[in-house]
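A.B. asks: okay, predicted coordinates and the sequence, questions at the end:
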Amino acid sequence: MRKLLVPVLLASVTLSGCAYVPANAYQEEPQTSQAVQQSDKDDEAVKKAVVSLVESFGKKLQMVSLAAPIDLIRESMKEHYSEFVTPALLEAWLKDPQTAPGRLGSSPWPDRIEVQQVEKQSDDAYQVKGEIIEITSVELQHGGAAAKRPITLTVRKTGERWLIDAVELGAYEDAQAESIQYENTEYGFRFVLPSSWKGFTVVTDKWEGLSLEESQSGKVVATGPMISIRHPQWTAQQPRQDIPIMVFTVDQWDQLSQEKFHIGAAPVGPRELGRNAKYVFALPARYNFAFLPGYEEVEEILNNNSLQPIESSASS
């Protein structure tokens, strides 16, 4: 009886071992699929964090004026850029601030970075491509961009944080590619306007200079043209702010500067916008005293040095 028990036990052990192998095999595929899905989720989460970092950095660009004295630029970079970039990159910018992004002038100014592409380079590095969007008060109210500049950033994991480790700036796109121009060949100037002024009209009037000499007090002793560029949405019922340009001969401007005559009741005179060999172009004092709709936009346009003198076709 003892001899018969041995084969039965061996068979039981063998069958039990054979049943155990397929159990492990069926578990491998679900575990691999779950790992891939988790990896994809982790990658997307990192990309979102990288984009958020770049966009937050983009909002700080206007805070660093690259036209300021060098000591102020460095202090401003430390204050506004330190939390977004690696110490090595910050140190490089402190040594050569002009290689860093920032605000180049009063207007336009960098408003944001618009991310266009995020590419994983390794487990601890991503490349981000986008554009720095610069605006003026015009775009601030109506949207769009006054200028765009390509930017490529390398974002690297440093310790437990993602930081910008390298930045490459591209050339500005032509800011005037979408703008329009008014050109006056008679007096010799060109005026650059935003595309929103397409369909503008031109109104011609004249300015009068009143004598300041006691013997001729109040007498008109000088006159000249005043050319106003008018917004296409201007109506008699709802007028908008014009862009008025006074035209003086060089001699008239010299007489005005010497207070031989005055224009209007304002205590200050017109502001020069530009000149060529024959004429001086100026902005009337208190031209926007009525605060008509669009006056802020006109002020911004004028601050962008939109008037460009050219050769005049008028005879001497």
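C.D. replies: The structure has been received and is ready for your questions. Numbers count the residues shown, from 1 in each chain.
A.B. asks: so the closest residue to Gln117 other than its chain neighbours: helix, strand or coil?
C.D. replies: Sequence neighbours aside, Lys129 is the residue nearest to Gln117 in space, at 4.4 Å (criterion: C-beta to C-beta, 6 or more residues apart in numbering). Any C-beta I mention is one placed from the backbone N, CA and C, and that applies to glycine too. Secondary structure state of Lys129, per DSSP: H, G, I helix; E, B strand; the rest coil, is strand.
A.B. asks: so who does Lys129 touch?
C.D. replies: Residues near Lys129 by C-beta atoms under 8 Å, 6 or more residues apart in numbering: 115-119, 150-153.
A.B. asks: please repeat the previous calculation with a cut-off of 6 Å.
C.D. replies: Listed by C-beta atoms under 6 Å, 6 or more residues apart in numbering, the contact set of Lys129 reads 116-117, 152.
A.B. asks: what about it, distance to Pro101?
C.D. replies: Per C-beta to C-beta, to the nearest Å, Lys129 is found 14 Å from Pro101.
A.B. asks: try Ile263
C.D. replies: Taken as C-beta to C-beta, the span from Ile263 to Pro101 is 44 Å.
A.B. asks: now swap in Phe189 and tell me
C.D. replies: For Phe189, the distance to Pro101 equals 34 Å [C-beta to C-beta].
A.B. asks: next one: Pro110
C.D. replies: Distance from Pro110 to Pro101, counting by C-beta to C-beta: 7 Å.
A.B. asks: identify the contacts common to these two.
C.D. replies: Common neighbours of Pro110 and Pro101 (C-beta under 6 Å, 6+ apart) are Leu61.
A.B. asks: what strands line up against the one helix or strand Pro225 maps to, and which way round?
C.D. replies: Using DSSP states H and E, Pro225 maps to strand 220-230. Sheet pairing of strand 220-230 (DSSP bridges) gives strand 201-211 (antiparallel), strand 243-249 (antiparallel).
A.B. asks: could you report the neighbour count for the residue lying closest to Pro239 once chain neighbours are set aside?
C.D. replies: Excluding the flanking residues, the one nearest Pro239 by C-beta to C-beta, 6+ apart is Leu292, at 5.9 Å. Per other C-beta atoms under 10 Å, the neighbour tally for Leu292 reads 15.
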